[in-house]
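K.L.:
curious how this folds, go ahead:
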Amino acid sequence: MTGGTLLISRKVNRHDYFIRKLKAIGFFNVSSTAVERNGLSLVINEIKPKTIIIDVEFYQSASCYMIRDLINKYKDIIFIVVSLMEFPAVLAMWLVDNGVKSFINWNDGEEEFQHGLECVRDGKIYISPDVKDSMNNRDLLPQPAENITERELQIWRYLCSGYYEREICHVLNLSMSTVGFHKTKLFNNIGVRNDKEAIIVAHYLKLFPDSHLNFYSGIYEARPKPNANKRNRRNKKVSNEQ
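P.N.:
Predicted coordinates:
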């Protein structure tokens, strides 16, 4: 059966509940799946849904990056993201900036959650009130994410190997400002806020084979802590006096 709405969520025990809820509101041809990667593509290509409602937890730590990938792959499908957990507003905004038509948050209350679903049913755009307020209060409108460049991928790999920024600068012969610029673009392109999240996303995606990671650069030797030499000299002097 083609068309209709596809619910994507790992919470299989809640599929029947949400399917009944969606049908009661007026969604038609509602189906659900918990498969991912190639299996998910097969389901989408077979069903050819008009609307996809996806749980923001579906891809765990890499949800932003992977949902954007789906949006780019299926440009004729309307993507709705629902959150059944606490989800940072800054990442929700990132999703909207990158093609998600509506973001509905269960934590806004059941009445507001249903209102969001009804808006989607009627073909309207709905953004969770907290996320909408955050979007309206931004000083600058962000640029949509772009494809990851070779340089960004290179820096990402060094981050996953535990390199500090100054070490990346040394290895790639780049200035601190240049590395910072590429890191900022990388973070925007994958929808993360810091080094730790970037590393988690790479780990989830299995982006870099173990053989491509080096956890000891060997560039910066271990150095004594400040005043350690003075302390050592003082201890040696006391020992000699004794």
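K.L.:
the chain: strands as residue ranges?
P.N.:
Here the chain has its strands, by DSSP state E, at 5-8, 30-33, 51-55, 78-83, 102-105.
K.L.:
turn those into CSV, columns for mean pLDDT and mean neighbour count.
P.N.:
All C-beta spots, glycine's among them, are computed from the backbone N, C-alpha and C. As requested, the strands of the chain are exported to CSV (pLDDT from 0 to 100; neighbours: other CB atoms under 10 Å):
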stretch, mean pLDDT, mean neighbour count
strand 5-8, 97, 24
strand 30-33, 96, 18
strand 51-55, 98, 22
strand 78-83, 97, 22
strand 102-105, 98, 24
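K.L.:
export the ones you listed to TSV and tack on distance to Val171?
P.N.:
Shown next, in TSV, are the strands of the chain (distance: least, CB to CB, whole Å):
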stretch	distance to Val171
strand 5-8	40
strand 30-33	43
strand 51-55	38
strand 78-83	38
strand 102-105	39
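K.L.:
to Met93, which of those strands lies closest?
P.N.:
Distance to Met93, taken as CB to CB, is lowest for strand 102-105 among the strands of the chain, at 8.6 Å.
K.L.:
next one: that closest one to chain centre, how far?
P.N.:
Relative to its chain's centre, strand 102-105 lies at 16 Å (CA atoms, centre = their mean, to the nearest Å).
K.L.:
alpha carbons only: can I get it in PDB?
P.N.:
Provided in PDB are the C-alpha atoms of strand 102-105 (Å, rounded to 0.1, in the frame of the first residue of the first chain):
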ATOM      1  CA  SER A 102       7.500  20.100  11.900                       C
ATOM      2  CA  PHE A 103       8.900  19.300  15.400                       C
ATOM      3  CA  ILE A 104       6.500  18.000  18.000                       C
ATOM      4  CA  ASN A 105       7.500  17.500  21.600                       C
END
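K.L.:
elements contacting that strand?
P.N.:
Packing partners of strand 102-105 (3 or more CB pairs under 8 Å, 6 or more residues apart in numbering; DSSP states H and E): strand 78-83, helix 89-97, helix 110-121, helix 129-136.
K.L.:
let me know the angle separating the first one from strand 51-55.
P.N.:
Between the axes of strand 78-83 and strand 51-55, defined by axes from the mean of the first three to the mean of the last three CA atoms, to 10 degrees, the angle is 20 degrees.
K.L.:
try the third one
P.N.:
Direction vectors for helix 110-121 and strand 51-55, defined by the same axes, to 10 degrees, enclose an angle of 150 degrees.
K.L.:
surely Phe113 touches Cys119?
P.N.:
No. The criterion here is CB atoms under 8 Å, and Phe113 misses it with Cys119 at 10.9 Å.
K.L.:
neighbour count winner among the two?
P.N.:
Using other CB atoms under 10 Å as the criterion, Phe113 and Cys119 rank with Phe113 on top: 19 against 16.
K.L.:
once you drop chain neighbours, what's closest to the more buried one?
P.N.:
Trp106 (5.3 Å; CB to CB, 6 or more residues apart in numbering).
K.L.:
what's near enough to touch that neighbour?
P.N.:
Trp106 makes contact with 82-85, 113, according to CB atoms under 8 Å, 6 or more residues apart in numbering.
K.L.:
any idea how far Ser128 is from it?
P.N.:
Separation of Trp106 from Ser128 (CB to CB, to the nearest Å): 10 Å.
K.L.:
list residues touching both of the two?
P.N.:
Contacts common to Trp106 and Ser128, judged by CB under 8 Å, 6+ apart, are Ser83.
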